[in-house]
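S.K.: When you get a sec, could you give me coordinates for this:
(chains A and B)
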Amino acid sequence: MIPAAPSFLITGGRLVDPSQNLDRVARLLVIDGQVEAIDPADGEIPSNIEHIDASGKIVAPGLVDLGVELREPGFEEDETIASGSDAALAGGFTSILACSSTSPCIDSHGAVEFVRQKAVQADGVRVHVIGCLSKNRDAQQMAELGLLHEAGAVAYSDSPRPMPNDALLKRALEYAQMFDLPIINRPNVMTLSEGGIMHDGQVALVLGLKGLPTEAEDLAVARDVRIAEATNGRLHIGPVSTMGAVDLISRVKERGINITASVCPHNLCLDDTHLRSFDARFKVHPPLRSPRHIETLRNAVADGTIDAIQSGHMPRAREKKMDDLFESPFGLASLETTLSTVATFMLGINGFDWLAIIDRLSTAPARIAGIAGGTLAVGSPADITIIDPDDKWTVDGHQFKSHCISTPLDNIELTSRVTHTFVGGRLRFSLRPELSHLA
Amino acid sequence: MAETDQAELTFPSTWTRRHLLDLESLSAEEITTILQVAQQLKDMTGGCRNKLTLLSGKTCANLFFENSTRTRNSFSLAAKRLGADTVEFSASGSSVTKGETFVDTAKTIEAMGVDWVVTRHSVPGTPHLLARELGCSVINAGDGPHDHPTQGLLDILTLLQHRGSVAGLTVALVGDIAHSRTARANIWGLSKLGAHVIVCGPPTLVSPRWRELGFEVAHSLDEILPRCDVLNLLRIQFERQSARPFPSVHEYAALYAMNAARMRRAKDNILIMAPGPINRGVEITPEVADGPHSVILEQVTNGIAVRMAALWLTAGAQASSEPFSSTNANCASHSPV
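M.R.: Numbers count the residues shown, from 1 in each chain, chains lettered A, B, ... in the order given. Next up is the predicted model:
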């Protein structure tokens, strides 16, 4: 039974909260869906309150995703808001930003409202809406950014389409400052990458597959950061996948330009040789690149050059991913593997620890999006993710809650797993029924 | 046509593959094996003219999703020369035009009781996809710009017949390397057998990355010509190019066409090869295509022998336990041969 007013005490868990630089075993008191106290005195704890034993587990602020394709309306065979919400909860996310790549796209007040209402019905993860950057996502005319903001949009983007119109991007970065919302842009010069299937490298050469050249991304990043500098607008670049992009981002940050960037977890661990199987599971965007790009990305995530990690969840129906590499669309299900992938492949790199993981997956994306979350500070909503850092599991796309079962991580063993996800103090996901104290 | 008596043909222990998907994944020993069998079959059939009964009762389906003249007929004749039946399929006029995926089409054909699917498709990797999905043998008859193993093998067989060995020869592949499956098949096959391979053409068609893989890259045919024992002149694949990679056909021909003037600067015993169809006046002029150094029509005949060998060997391996003969999905990195 789910309590009407969720109140409980989590005991024995390792609280990891970058927003307070907190990493120690502590008790967390939640009253009426809000964090009431950390390590409360015994007298502060109401009698008869439920105790949740989190010994051996990590207790963290709920994860926040800067860009998820939910595909509803228009492509419900790929994902619905409800199925995407379930998948997000299973991955430990408590807030996600829904991309505008629906049909109709989210370029109107009504479209924002539709997603918000569907999310309310799904009653799961907090769904925030990314409004379109351009009307019809056709890069011709700026969308009604003010009205989208009034309707509740928290960011603007045509992602996964990049914004090819330089002038429109500049105007939008200027105009959006009225609403203090970020513009999220996927860096990609389409005239250079058109028709590409995979990373443009030695493997693509051997396989005879058209490549997605790194310069298509590098050039776009260079343009975007220059326009951001000129306008002083709020720009988030992502996801990125190349050494060149990292180098540019690093240099402009050193100059004090206010941009942020993100990367996808699969781009931190899988390389382009996987396409030698010609398996469409590995056809993702940005593409799986060569090992030297991966190493650079890992270091950039570790040292903070790259601010956030986003799932890159681009669900596509099973039948769409069964075709040959030309016909099969880019896409994958990644919400349910993101945390584990990052923990498995990133822990220990240049001192990258659990505080850093939670920062890149929760605190930083919440800050970039300007939404509540990413913290367990007293008074904040009790959006909480509990993680078993020692749980080893093997990825099987067929077990996903997402409609999409296609994942490049299939059959790969990962370490650490989300066991519980609370949204506003309500238990919305539990890995194993016997552990769901509040279910 | 007379039926030839069944001669003794011992199945080689060095062959275990149920599919023939590319030359990159074959060892030098496997390539040698298939070439030896091809030569034997050519000899046994009087130059691929007479019939054997080695594969009687079996059926070969030719699933061609791209246009083809010589490869399709060559596979069809090869199957018939070995006593097998053939099923011919073309994408136009099939259920593919009704929206059926090519995998489902192939499964449907397989369900009719075929022993091989010989497939040609514009998308790299489609034979590998079929090899995972089908129970019968799959032979790649060309997958986009990726590979064309029997073309590579027939080129090498022709070379062997003239020179006895590949090791130590300098072979230049000239033309549209970027979009050529023949180029890739030759690159792997020739290099595994010890040839020095040069890929030659304009930088827009010949990636410098071939150097990283251990091959010589050249942009001037005139510079490398005196060193070459063999020239394989590849067609410009206009149909696979999204943008013209050179200013004009006229300019390309001026820089790369093998013509009488260039022949005078070549080695006396140079071999001129072309996978066909040839564009006379573009990559090769008529006097060279039809001249004494040209072995283009021998390549066509050897194609039947190689395809007979491919069918016979993969049939013999069908009972083996080889799960999937493609490259390993989890390989760490590509190693130059």
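S.K.: check contacts around residue A:73.
M.R.: The contact partners of residue A:73, by CB atoms under 8 Å, 6 or more residues apart in numbering or on different chains, come to A:102, A:103, A:104, A:114. All C-beta atoms are positioned from the backbone trio N, CA, C, and that covers glycine.
S.K.: Which strand or helix spans the last one?
M.R.: Read it as residue A:114. In the assignment (DSSP states H and E), residue A:114 maps to helix A:109-122.
S.K.: how distant is that helix from the center of its chain?
M.R.: The chain centre lies 20 Å from the centre of helix A:109-122; the measure is CA atoms, centre = their mean, to the nearest Å.
S.K.: Same question for that helix: list its buried residues.
M.R.: Using 16 or more other CB atoms under 10 Å in any protein chain shown as the test for burial, helix A:109-122 gives A:109, A:111, A:112, A:114, A:115, A:116, A:118, A:119, A:122.
S.K.: Redo the residues you listed as JSON lines? Include pLDDT.
M.R.: Formatted as JSON lines, these follow (pLDDT from 0 to 100):
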{"residue": "A:109", "pLDDT": "95"}
{"residue": "A:111", "pLDDT": "96"}
{"residue": "A:112", "pLDDT": "97"}
{"residue": "A:114", "pLDDT": "97"}
{"residue": "A:115", "pLDDT": "97"}
{"residue": "A:116", "pLDDT": "96"}
{"residue": "A:118", "pLDDT": "97"}
{"residue": "A:119", "pLDDT": "97"}
{"residue": "A:122", "pLDDT": "96"}
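S.K.: can these go into TSV with extra columns for distance to residue A:238?
M.R.: Listed next are these as TSV, based on distance: CB to CB, whole Å:
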residue	distance to residue A:238
A:109	26
A:111	23
A:112	22
A:114	25
A:115	21
A:116	24
A:118	25
A:119	23
A:122	25
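S.K.: nearest to residue A:64, of those?
M.R.: Nearest to residue A:64 out of the buried residues of helix A:109-122 is residue A:119 (CB to CB; 14.9 Å).
S.K.: so which of the contacts of residue A:73 also contact chain B?
M.R.: Among the contacts of residue A:73, no residue is within reach of chain B (CB under 8 Å from any CB of the partner chain).
S.K.: what residues does the helix holding residue A:114 touch?
M.R.: For helix A:109-122, using CB under 8 Å, 6+ apart, the contacting residues are A:70, A:72-73, A:80-82, A:85-86, A:98, A:102, A:104-106, A:125-127, A:129, A:131, A:144, A:147-148, A:150-153.
S.K.: so where's the chain uncertain?
M.R.: Defaulting to chain A. Low-confidence segments of chain A (pLDDT under 70): A:1-5, A:434-439.
S.K.: My question was about chain B, not that one.
M.R.: Along chain B, segments meeting pLDDT under 70 span B:1-7, B:93-98, B:240-242, B:319-337.
S.K.: count of neighbours near the residue of the stretch 51-200 of chain A found nearest chain B?
M.R.: Nearest residue of the stretch 51-200 of chain A to chain B (CB to the nearest CB) works out as residue A:195 at 5.8 Å. Counted by other CB atoms under 10 Å in any protein chain shown, the residues lying close to residue A:195 total 12.
S.K.: what about it, which SS state?
M.R.: Following DSSP: H, G, I helix; E, B strand; the rest coil, residue A:195 is assigned to coil.
S.K.: mind listing what the spatially closest residue to it that is not a sequence neighbour touches?
M.R.: What sits nearest to residue A:195 in space, not counting adjacent residues and going by CB to CB, 6 or more residues apart in numbering or on different chains, is residue A:210, at 4.9 Å. Contacts for residue A:210 (CB under 8 Å, 6+ apart) come out as A:195, A:196, A:197, A:200, A:204.
S.K.: Please list only the buried members of these.
M.R.: Buried among the contacts of residue A:210 by 16+ other CB under 10 Å: A:196, A:197, A:200, A:204.
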